[in-house]
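> Return atomic coordinates for the entry below.
(3 chains)
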Amino acid sequence: MKTLLLKSEPSVYSFDDLRRDGRTVWDGVANAQALIVLASAKVGDEVLFYHSNDGKCIVGTAKVAKRAYPDPKLDNPKRLVIDIRAGKPLTRPVTLAEIKAVPGLADLALVRQSRLSCMVVSEGHRELLRGLGVK
DNA sequence: GCCAACGTTGGC
DNA sequence: GCCAACGTTGGC
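Numbers count the residues shown, from 1 in each chain, chains lettered A, B, ... in the order given. This is a model prediction of the structure:
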């Protein structure tokens, strides 16, 4: 099982929205690199839910509920989506500033490639995040 | 196939 | 609101 980190602007779709919905289709990914990440997602993989712009913090967890499939709303087989279901909110959000303060997390894609919306979190990075309170 | 121009994302 | 970092587009 691996861990993904998905970014969302809370004003568009927040973690609270996900908890309200229980489950949602994760769509809108067009970037080639991010699509490769989506394609690698397996049911049961852990998802870290990050609020970009307004928040800049990891706010909760989720799980991959359905592996990648073409967006039914689009006529483009390359535009993949996955389904995720809500997990638990963190007791305290873990901010980007806190993450940047950990030397071992400097090469996390979230830090290095701010525009990437969807990334795989390595085992080692996952452990460091756990140390910051991402349970 | 190169590259300039333009658009977008997201941190600050 | 600004701008850096990228990705994409289109003319050549």
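> Going by secondary structure, A:I84 is in what exactly?
For A:I84, the host element (DSSP states H and E) is strand A:80-95.
> distance between that strand and the chain's centre?
Centre-to-centre, strand A:80-95 and its host chain are 7 Å apart (Cα atoms, centre = their mean, to the nearest Å).
> Mean confidence (pLDDT) on the helix or strand sitting right after that strand along the chain, please.
Along the chain past strand A:80-95, the next helix or strand (assigned with DSSP H and E) turns out to be helix A:96-100. For helix A:96-100, the mean per-residue pLDDT is 96.
> In helix A:96-100, which residues are buried?
Within helix A:96-100, the residues scored as buried using 16 or more other Cβ atoms under 10 Å are A:L96, A:E98, A:I99. From N, CA and C alone the C-beta is placed, and that goes for glycine too.
> Pipe these into JSON lines and attach distance to A:K2 per row.
Output for these, formatted as JSON lines (distance: Cβ to Cβ, whole Å):
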{"residue": "A:L96", "distance to A:K2": "22"}
{"residue": "A:E98", "distance to A:K2": "23"}
{"residue": "A:I99", "distance to A:K2": "19"}
